[in-house]
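S.K.: This is a predicted model, with the sequence first.
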Protein chains: 2
Amino acid sequence: MSTTTRVGSNACFGGSWQRYKHDSECTKTPMAFSVFVPPAATPEAPAPCIFYLSGLTCTDENFVQKAGAARAAAERGVALVAPDTSPRGAGVDGEDDAYDFGSGAGFYVDATAAPWRDNYNMYSYVTEELVAAVRDAAPAVDVGRRSITGHSMGGAGALTIAMKAPETWTSVSAFSPICNPTRVPWGKKAFEGYLGSVEAGAAHDASELVRKGGPFAFGDILISQGADDDFLVGDVDQLQPEAFRAACDSVGQGLELRYEAGYDHSYFFIATFVDQHVNFHADRLLAR
Amino acid sequence: MSTTTRVGSNACFGGSWQRYKHDSECTKTPMAFSVFVPPAATPEAPAPCIFYLSGLTCTDENFVQKAGAARAAAERGVALVAPDTSPRGAGVDGEDDAYDFGSGAGFYVDATAAPWRDNYNMYSYVTEELVAAVRDAAPAVDVGRRSITGHSMGGAGALTIAMKAPETWTSVSAFSPICNPTRVPWGKKAFEGYLGSVEAGAAHDASELVRKGGPFAFGDILISQGADDDFLVGDVDQLQPEAFRAACDSVGQGLELRYEAGYDHSYFFIATFVDQHVNFHADRLLAR
């Protein structure tokens, strides 16, 4: 594995947000990620961690700067890990043409279709290379105890990553996730591009995965969803939380789906409810 | 006064962040500002407010997105008002040449020197036009009860604006303010450009103003300062909090100057201590 270099550190709520860069073997590009180390964590007494996966167009920095998650994480003594959403500058023809495919839109899958398969391997990046890089670079973080959450595309990533390896993740939650991507425009475009067909996307669709494998070892899933989210109540429901609820119900997978009246798809929504998610994960991580 | 138009609204912590645009007479440009309206506020029972002035390079959005101030403001029932830091696109020759002068760097003074004096009038903008625009556009905010804070250049603005009209502002605080700008490079450059001389800047220098007019009706000033702020402990002390402390002491002006070990000049510092400032102002505003 290549060297991981710390490129920034800012004190925050008694701990620190640290930013790292490394050359990724999964994406064959330089990648950046951020880690919040809570105040009491040390290599001898490392903190369990919550991975946060961002949505379309985001980098690791949106969550770091806008969610205000460090306050609750510091209070509970849990770390936060935030990766980027795709390779950057991979040089794939057309990768910067759309906000919902290519750069900023890796969808947390390993691409199988050319020309994307050489670089767009965000599933392996997050689940293997990032875990190893955090272990290497931030020894005050215990990646052996980890939970996962995310927003929108990153919510889809959090749900599916947890379902693909349910013993690995202590708990899973999401903010306004894309719950049934094989049925909606964002997901269809991504799966056709990265995997060659929408059908191949079934293996990366939370509603499909829960029907197939649920209920899961990580227990109840928490989802927060703005009731006035344009991507829910607009012309197209890109998110499909009710399809996910039906899928969970069909197999007895526990789900707490919280609709929040008046809230949209933005980081103002995430900031308002991030404490609930930090506490949800901290309760489970710290009980281990 | 021109029409003020709401261009955005996002639910947040039970209230909402609202963004407005209007054509400013002070700057002769379109200006944007943001207002957080806390949950319980109505035109019949409007909330008192805290003005927040940003630092060099910022717009109104940095504070809105990065400080996490809405949580405490919602809890206490106070509004937040965040203006931009300068005119934008005024067309003054050279206005985009430097990060510390011109666009993004209005220093909250009314310029007297050509070519800046036609547009760079951020003192009048904040103290008159913005107050009127908020009154007009956001009737759930009571601009008659207002306090002021800010960061760096905006901290200098908050201190001096309060000192120039001490009966107008219920309380004043600052994050890492430029306390004695006539003595440091940032201030000297601004005053030479906007006012024609450093000497003319004395009327806009908090350390000079407190010696001349303190102690003030608004009572104790709260300042939070990162002890590891590069602009404090780097090659040049641009901030000069000890000069300000000496000036306050010389006239009996109350000052609580809190050095925070390990913290820098960033919004991670502001986010960590913003609750203290919201509570400082809320205690005083709600007692009125």
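M.R.: Noted; the coordinates are in hand. Numbers count the residues shown, from 1 in each chain, chains lettered A, B, ... in the order given.

S.K.: pLDDT below threshold where in chain A?
M.R.: A:1-2 (pLDDT under 70).

S.K.: hmm, try it at 80
M.R.: Across chain A, the ranges flagged by pLDDT under 80 are A:1-2, A:288.

S.K.: Could you pull out the helices in it for me?
M.R.: Residue ranges of the helices in chain A, as given by DSSP state H, are A:61-66, A:70-76, A:122-124, A:131-137, A:153-164, A:185-195, A:206-213, A:230-233, A:241-251, A:267-285.

S.K.: roughly how far is the shortest one from the heart of the chain?
M.R.: This points to helix A:122-124. Relative to the centre of its chain, helix A:122-124 is centred 11 Å away, using CA atoms, centre = their mean, to the nearest Å.

S.K.: I would like the residues contacting that helix, please.
M.R.: Helix A:122-124 is contacted from outside by A:26-27, A:85-87, A:106-110, A:157, A:161, A:164, A:204, using CB atoms under 8 Å, 6 or more residues apart in numbering or on different chains. No exception for glycine: its C-beta is placed from N, CA and C like everyone else's.

S.K.: Distance-wise, check residue A:78 relative to residue A:72.
M.R.: Noted for residue A:78: a distance of 8 Å to residue A:72, by CB to CB, to the nearest Å.

S.K.: the more surrounded of the two?
M.R.: More crowded of residue A:78 and residue A:72, by other CB atoms under 10 Å in any protein chain shown: residue A:78, with 27 against 21.

S.K.: give the contact list for the more buried one.
M.R.: With the criterion set at CB under 8 Å, 6+ apart, residue A:78 makes contact with A:38, A:47-50, A:278, A:281-282, A:285-286.

S.K.: count of neighbours near residue A:212?
M.R.: By the criterion of other CB under 10 Å, residue A:212 has 13 neighbours.

S.K.: still on that earlier bit, would you check which pair of the contacts of helix A:122-124 lies furthest apart?
M.R.: Maximum pairwise distance among the contacts of helix A:122-124 (CB to CB): 20.6 Å, between A:87 and A:164.

S.K.: Who has more neighbours out of those two?
M.R.: Remark: of residue A:87 and residue A:164, residue A:87 carries more neighbours, 27 against 15, as counted by other CB under 10 Å.

S.K.: Report the contact partners of residue A:14.
M.R.: Contacts of residue A:14 (CB under 8 Å, 6+ apart): A:38-39, A:74, B:272.

S.K.: Surely residue A:194 and residue A:114 touch.
M.R.: No. Assessed by CB atoms under 8 Å, residue A:194 is found out of contact with residue A:114, at 10.5 Å.

S.K.: between those two, who's got more neighbours?
M.R.: Each of residue A:194 and residue A:114 has its neighbours counted (other CB under 10 Å); residue A:194 has more, 25 against 9.

S.K.: how near is that one to residue B:126?
M.R.: 50 Å.

S.K.: tally of neighbours for the residue lying closest to residue A:12 once chain neighbours are set aside?
M.R.: Spatially, and ignoring its direct neighbours in sequence, residue A:12 is nearest to residue B:268 (4.0 Å; CB to CB, 6 or more residues apart in numbering or on different chains). Counted with other CB under 10 Å, the neighbours of residue B:268 add up to 23.

S.K.: which ones are touching residue B:268?
M.R.: Under the criterion of CB under 8 Å, 6+ apart, the neighbours of residue B:268 are A:10-12, A:17, A:70.

S.K.: Of all the residues in stretch A:210-227, which ones are buried?
M.R.: Buried residues in stretch A:210-227, counted by 16 or more other CB atoms under 10 Å in any protein chain shown: A:210-211, A:214-216, A:218, A:220-226.

S.K.: now those as CSV including distance to chain B?
M.R.: Shown next, in CSV, are these (distance: CB to the nearest CB, whole Å):
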residue, distance to chain B
A:210, 29
A:211, 33
A:214, 32
A:215, 33
A:216, 32
A:218, 29
A:220, 25
A:221, 24
A:222, 19
A:223, 18
A:224, 13
A:225, 13
A:226, 8
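
S.K.: Show me which of those residues is closest to residue A:199.
M.R.: Nearest to residue A:199 among the buried residues of stretch A:210-227, with distances taken as CB to CB, is residue A:211, at 15.3 Å.

S.K.: quick one, what contacts whatever residue of the stretch 51-200 of chain A ends up closest to chain B?
M.R.: Taking CB to the nearest CB, chain B has its nearest neighbour within the stretch 51-200 of chain A at residue A:68, 3.7 Å off. Neighbour list for residue A:68: A:271, A:274, B:68, B:71, B:271 [criterion: CB under 8 Å, 6+ apart].

S.K.: Farthest-apart pair in the residues you listed, please.
M.R.: Across those (CB to CB), the longest gap, 12.7 Å, separates A:274 and B:271.

S.K.: Who has more neighbours out of those two?
M.R.: residue A:274 (27 against 21).
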